[in-house]
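Participant: Coordinates only, no sequence provided:
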């Protein structure tokens with residue numbers, strides 16, 4: 001079985017014809033469980049959760065239109081899961097919980113894209129990496145992974161080590177492994193699954209998320225996984241899943257987690 005739970009329509013439209021381009025690719029790539037998880041910051045309903053000039057310039061959707069798209073898909077017997085990718089925002093737990101509980105999501109992805117006012121994965125902020133202390137940024141990033149897990153608001157954490165995207169990685173292996181260890185310990189005590197994301201292969205880092213050492217810790221602590229492509233274009237659905245499956249099996253995984261309206265079920269990885 002294969003999942004692809006992390007996909008975005010933001011480069012197109014919230015219309016059935018565009019969604020079907022993703023669905024057709026999922027069928028071609030033999031994806032058994034497929035979902036759309038648009039960025040929450042695009043929606044007017046999340047302004048009280050995350051607001052800054054970069055985000056506010058990209059807030060142009062209404063959740064009603066999003067939900068209506070899925071209702072239309074389901075009416076036409078299209079098996080697509082409805083999700084959202086939320087920027088985990090410290091200090092906004094109540095607001096995030098209210099938003100999540102307001103919609104009948106099949107699952108919810110929580111991701112970390114911001115360390116304070118620093119958009120860690122954004123090209124516009126890339127020069128900031130040379131101005132900031134690398135260990136401090138990594139520590140603050142993994143602090144958020146921990147509190148994201150402790151919030152227990154999310155079914156999946158997206159691209160858990162996104163912080164490596166531009167190849168800024170601490171040389172101190174002991175420091176890095178410590179961050180991995182404390183993050184996975186928190187995740188193991190939550191409901192949150194980890195995704196193996198092939199998106200990193202299409203980014204400057206050129207590697208899967210997560211690092212194999214981090215994924216091994218996830219396995220050793222019994223943290224479930226899903227497969228995701230983080231596709232922003234139909235052709236990237238299920239991209240490079242052979243590499244993701246190989247990594248999962250090498251560290252010991254034999255199953256994936258699936259979701260439907262908050263319920264979860266393990267299925268064989270294949």
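Facilitator: It's in. Everything numeric here is computed off the predicted structure, so don't read it as measured data.

Participant: Look up phi and psi at the residue positioned nearest the centre of the chain.
Facilitator: Central residue of the chain (CA atoms, centre = their mean): residue 158, 2.3 Å from the mean position. Backbone geometry at residue 158, expressed as degrees, to the nearest 10, gives phi -80, psi 140.

Participant: where along the stretch 1-150 of the chain do the helices fall?
Facilitator: Shown for the stretch 1-150 of the chain, the helices assigned by DSSP state H, counting those that start in this stretch span residues 16-28, 53-56, 63-75, 93-101, 134-151.

Participant: most tightly surrounded among the ones you listed?
Facilitator: helix 134-151 (a mean of 19; mean count of other CB atoms under 10 Å). The C-beta positions use only the backbone N, C-alpha and C, and glycine is treated the same way.

Participant: elements contacting that one?
Facilitator: strand 114-115, strand 156-157, helix 173-188 (3 or more CB pairs under 8 Å, 6 or more residues apart in numbering; DSSP states H and E).

Participant: tilt between it and helix 173-188?
Facilitator: 10 degrees (axes from the mean of the first three to the mean of the last three CA atoms, to 10 degrees).

Participant: Pull the contacting residues for the residue nearest to the centre of the chain.
Facilitator: The neighbours of residue 158, taking CB atoms under 8 Å, 6 or more residues apart in numbering as the test, are 6, 85, 109, 110, 111, 195, 197, 228, 230.

Participant: Which one of the helices and strands packed on helix 134-151 lies nearest to residue 263?
Facilitator: strand 156-157 (14.3 Å; CB to CB).

Participant: quick one: strands adjacent to the closest one?
Facilitator: strand 109-111 (parallel), strand 193-197 (parallel) (DSSP bridges).

Participant: And for the helix or strand just after the longest one, what's in contact with it?
Facilitator: The one in question is strand 193-197. Per DSSP states H and E, strand 193-197 leads on to helix 212-220 as the next helix or strand towards the C-terminus. Contacts with helix 212-220, where a contact means CB under 8 Å, 6+ apart, come from 160-161, 177, 180-181, 183-184, 187, 194, 196, 210, 225, 247-248, 250-253.

Participant: Identify the residue nearest the residue nearest to the centre of the chain in space, chain neighbours excluded?
Facilitator: residue 111 (3.5 Å; CB to CB, 6 or more residues apart in numbering).

Participant: ok so, going back, quick one, which of the helices of the stretch 1-150 of the chain is nearest to residue 119?
Facilitator: When the helices of the stretch 1-150 of the chain are compared (using CB to CB), the closest one is helix 53-56, at 6.1 Å.

Participant: How far off centre is that closest one?
Facilitator: Its chain's average C-alpha position is 20 Å from that of helix 53-56, according to CA atoms, centre = their mean, to the nearest Å.

Participant: same thing with stretch 5-14?
Facilitator: With CA atoms, centre = their mean, you get 13 Å for stretch 5-14.

Participant: Would you mind listing the buried residues in it?
Facilitator: Counting neighbours by 16 or more other CB atoms under 10 Å, one finds that the buried residues in stretch 5-14 are 5, 6, 7, 8, 9, 14.

Participant: cool, and stretch 177-192?
Facilitator: So stretch 177-192, judged by 16+ other CB under 10 Å, has buried residues 179, 180, 183, 184, 186, 187, 190, 192.

Participant: Nearest to residue 33 among these?
Facilitator: Nearest member of those to residue 33, counting by CB to CB, is residue 192, at 17.7 Å.

Participant: Great, nothing more from me.
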